[in-house]
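# Sequence first, then the predicted structure, then my questions.
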Amino acid sequence: MSLTINAQKRDAFGKNASYRIRREGRVPAVLYGEGLTTVSLALDKKDVIHILKSDTGENTLFKIGFDGEQRDAMIKALQVDPVSDELLHVDLIQISMDKAIRVSVPIEHTGEPIGVKTEGGFVDFVTREVEVECLPKDIPEQITIDIAGLHLHQSIKVSDLTPPAGVKVISDPNTVLVLVQVPHEEKVEEKKEGEEVVVAEEAKEPEVIKKERAASEDDKDKDKDKDKDKDKGKGKDKDKGKEKKEK
């Protein structure tokens, strides 16, 4: 562990004090750990960013110095402004190098699956990190898995991982890490085609309904003819009445 950052203890708290610290290019922080009284600190923002951009990221082990002493530590949590992405606060945890800790480690993939190259599928990276338990010195930068042999609808789960020596994976063994599946567009098209078939089938009228409708229309036509005959009869009666009057 060669990285060392210097911090200052802070005695002022609250929004105004934190604002002043950030304006000076520093970040409010706290250091805590088992059997340790929580210490409020101010860190140089550049040091924190340097740690986050390193290969090990938040899992980076470093020494933090303040009040003439140094302690082994790592970043536990970060608070970031959701709008400006400004780093607002850092939680540090003191590490005992002889005690196992739990951290999240990223999954790295190698190879192109057969299901993608020749079967028209795509890779769905379902889970990108797993939780492991190990001594601080054994924390891996990542766990690598080869996905080249995956066919369509095949997957790799946590139970398929082979972690480095001294590292125990504690995530749920049934958690899916990578899955090769059919593109979503094709699934949607298949559904649409199925829906069109259903609509087309529903649009077809049963033969009985057609006959009943035809019979109903015939009855309507007959009723219209009867009404016309009645009107003609009334007309004839009127003509006869006129002839009698004229006589």
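Good, I have the coordinates.

# Just give me the residue right at the centre of the chain.
Centroid-nearest residue in the chain: V126, 8.8 Å away (criterion: Cα atoms, centre = their mean).

# and the next element down the chain from the longest strand along the chain?
For the chain, the strand with the greatest residue count under DSSP state E is strand 69-80. Heading C-terminal from strand 69-80, the first helix or strand you meet, by DSSP states H and E, is strand 87-94.

# need the contact list for the nearest residue to I101 once chain neighbours are set aside.
Spatially, and ignoring its direct neighbours in sequence, I101 is nearest to P136 (6.0 Å; Cβ to Cβ, 6 or more residues apart in numbering). In short, each C-beta sits where N, CA and C put it, glycine included. Counting by Cβ atoms under 8 Å, 6 or more residues apart in numbering, P136 touches L61, D72, M74, I95, S96, M97, I101.

# just L87 next, same as before
V27, K45, V48, I49, L78, Q79, V80.

# If you average pLDDT per helix and strand, which one of the chain comes out bottom?
The weakest-scoring helix or strand in the chain, judged by mean pLDDT, DSSP states H and E, is helix 184-203 (a mean of 49).

# Can you show me the helices along the chain?
15-23, 45-52, 114-117, 184-203, 207-246 (DSSP state H).

# Could you tell me the least trusted of those helices?
Lowest mean pLDDT of the helices of the chain: helix 184-203, a mean of 49.

# tell me the mean pLDDT for stretch 154-172?
Taken as a whole, stretch 154-172 carries a mean pLDDT of 96.

# before we move on, back to that, filter the contacts of P136 to the buried ones?
When the contacts of P136 are checked for burial by 16 or more other Cβ atoms under 10 Å, the buried set is L61, D72, M74, I95, I101.

# Can you measure across stretch 156-170, start residue to end residue?
End-to-end distance of stretch 156-170 (Cα to Cα, to the nearest Å): 16 Å.

# to the chain's geometric centre, what's the distance from that stretch?
24 Å (Cα atoms, centre = their mean, to the nearest Å).

# quick check: domain ranges of the protein?
4-95, 102-189, 207-246 (automatic domain parsing).

# Quick check: V123 touching I147?
Yes: here V123 lies in contact with I147, judged by Cβ atoms under 8 Å, at a distance of 6.9 Å.

# can you pull the contacts of the residue lying closest to G111 once chain neighbours are set aside?
Leaving out its chain neighbours, the residue that sits closest to G111 by Cβ to Cβ, 6+ apart is A148, at 2.8 Å. Listed by Cβ under 8 Å, 6+ apart, the contact set of A148 reads T110, G111, E112, P113, I114.

# ok, and the most crowded of the residues you listed?
The most neighbours of any of those, using other Cβ atoms under 10 Å, belong to P113, which has 24 neighbours.

# Double-check that one against G121; I have them as touching.
Yes: judged on Cβ under 8 Å, P113 makes contact with G121 at a distance of 7.2 Å.

# Overlap in contacts, those two.
V180.

# Not counting sequence-adjacent ones, nearest residue to F122?
P183 is the one closest to F122 (Cβ to Cβ, 6+ apart), at 5.5 Å.

# for the one you found, what are its contacts?
Contacts of P183 by Cβ under 8 Å, 6+ apart are G120, G121, F122.
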